[in-house]
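A.B. asks: Predicted model and sequence follow; I will ask about them next.
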Amino acid sequence: MAGGALRRQQRRVRAAVRRAAVIGHPIDHSLSPVLHRAAYAALGLDGWRYDAIDTPPERLAGVVAGLDAGWAGLSVTMPLKTAVLDHLHHVEPLAELLGVVNTVLVQPGSPVSLVGANTDVAGIVAALGEGSDAGASADAAPPVVVGGGATAASALAALAQLGRTDATVQVRSMARAGATVRAANRMGLSPRFETMADPEASVDRWRTAAMVVSTLPPGGADALAGTLASMGREVHGVLLDCAYDPRPTALTRVWRELGGTAVGGERMLLHQAAEQVRLMTGHAAPVAAMAQALDAALA
């Protein structure tokens, strides 16, 4: 058997026992299976299996305890991104600073070792990079992060990697932003936090910002999009709306109508999944094949 054919066969034999999955609750809406399965197909990992496991918080310990050498890892979504920290042997530095894990890697050993990582930051950096060429210059007004949850902490880390440590974080209630405040402090960042008591004033800040990252859930920014539209004033920076259902979101649509550059939240989803594929399989992710599968699923 030729060397190349033998290596392909050996790879498929090794792949036959590898599993991965996304966990969270609810999980039916997750597009992670679409992305990861497309990657396995493009990479020729014929035996790899990727599932969606509905995991309420009370079932988390049992699911994690069931991981063995046949597993490559887990994608972790809400509401488990913080809770899973208590079930890991090691946590990578960035994920530890954020206090947010969206990826569990199963390392070989007896027993296996579970390592927590965060690929949301890489996903946000890559997504914002797609709009940077057409967006505002680096000397524009400070970027704005809308929302104060786990994704907001990842957005602050991503902006810092892009050289913007001067972000403003807009939250509905400071009482619910404590985890993000603590994460920022651990990263050595001092963002400005402000409440959105006056929606028009809050939205007006977006117009001149270098970048705006909305981390609100699907539909959560619709009223703010209406406020922005009613103002009818031009915007200049790059918007990343982490929500992607419907596509485009109301905020994305209004932003583009007012002259800004908007990147859909599905691009963050794509790029964070691509980094997970790289970490779990050891192969560079086939981003184009994954994007094609994602677009088809969202069409």
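C.D. replies: Arrived safely.
A.B. asks: got the buried residues for the host helix or strand of residue 154?
C.D. replies: For residue 154, the host element (DSSP states H and E) is helix 150-161. Buried residues in helix 150-161, counted by 16 or more other Cβ atoms under 10 Å: 150-160. Yep, even glycine has a C-beta here, placed from its N, CA and C like the rest.
A.B. asks: now those residues as JSON lines including pLDDT?
C.D. replies: Converted to JSON lines, the buried residues of helix 150-161 look like this (pLDDT from 0 to 100):
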{"residue": "150", "pLDDT": "90"}
{"residue": "151", "pLDDT": "93"}
{"residue": "152", "pLDDT": "95"}
{"residue": "153", "pLDDT": "95"}
{"residue": "154", "pLDDT": "96"}
{"residue": "155", "pLDDT": "97"}
{"residue": "156", "pLDDT": "97"}
{"residue": "157", "pLDDT": "97"}
{"residue": "158", "pLDDT": "97"}
{"residue": "159", "pLDDT": "96"}
{"residue": "160", "pLDDT": "96"}
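A.B. asks: tell me which of the residues you listed is nearest to residue 250?
C.D. replies: Checking the buried residues of helix 150-161 against residue 250 by Cβ to Cβ gives residue 151 as the nearest, at 18.5 Å.
A.B. asks: circling back: check the buried residues of helix 150-161 and tell me the two furthest apart.
C.D. replies: Using Cβ to Cβ, those reach their maximum pairwise distance at 150 and 160, which is 16.2 Å.
A.B. asks: sorry, back to before: what about the helix holding residue 154, distance to the chain center?
C.D. replies: Distance of helix 150-161 from its chain centroid, counting by Cα atoms, centre = their mean, to the nearest Å, is 10 Å.
A.B. asks: residues in contact with the next helix or strand after that helix?
C.D. replies: Beyond helix 150-161 in the direction of the C-terminus, DSSP H and E gives the next helix or strand as strand 168-171. Applying Cβ atoms under 8 Å, 6 or more residues apart in numbering, the contact partners of strand 168-171 are 142-148, 152, 156, 177, 180, 184, 191-196, 202, 205, 209.
A.B. asks: one more time with 7 Å, if that's ok
C.D. replies: With Cβ atoms under 7 Å, 6 or more residues apart in numbering as the test, strand 168-171 has contacts from 142, 144-148, 152, 177, 180, 191-196, 202, 205.
A.B. asks: give me the number of residues near the spatially closest residue to residue 140 that is not a sequence neighbour?
C.D. replies: Take residue 140 and drop its neighbours on the chain: the residue closest to it by Cβ to Cβ, 6 or more residues apart in numbering is residue 210, 3.8 Å away. Residue 210 is flanked by 24 other residues according to other Cβ atoms under 10 Å.
A.B. asks: Residue 238 versus residue 210, what's the distance?
C.D. replies: Separation of residue 210 from residue 238 (Cβ to Cβ, to the nearest Å) stands at 7 Å.
A.B. asks: how much space between the closest residue to residue 192 other than its chain neighbours and residue 274?
C.D. replies: Spatial nearest neighbour of residue 192, chain neighbours left out: residue 168 (4.6 Å); criterion: Cβ to Cβ, 6+ apart. Per Cβ to Cβ, residue 168 is found 29 Å from residue 274.
A.B. asks: Looking at those two, which has the bigger crowd around it?
C.D. replies: residue 274 (23 against 19).
A.B. asks: tell me the contacts of that one?
C.D. replies: Residue 274 neighbours (Cβ under 7 Å, 6+ apart): 285, 287, 290.
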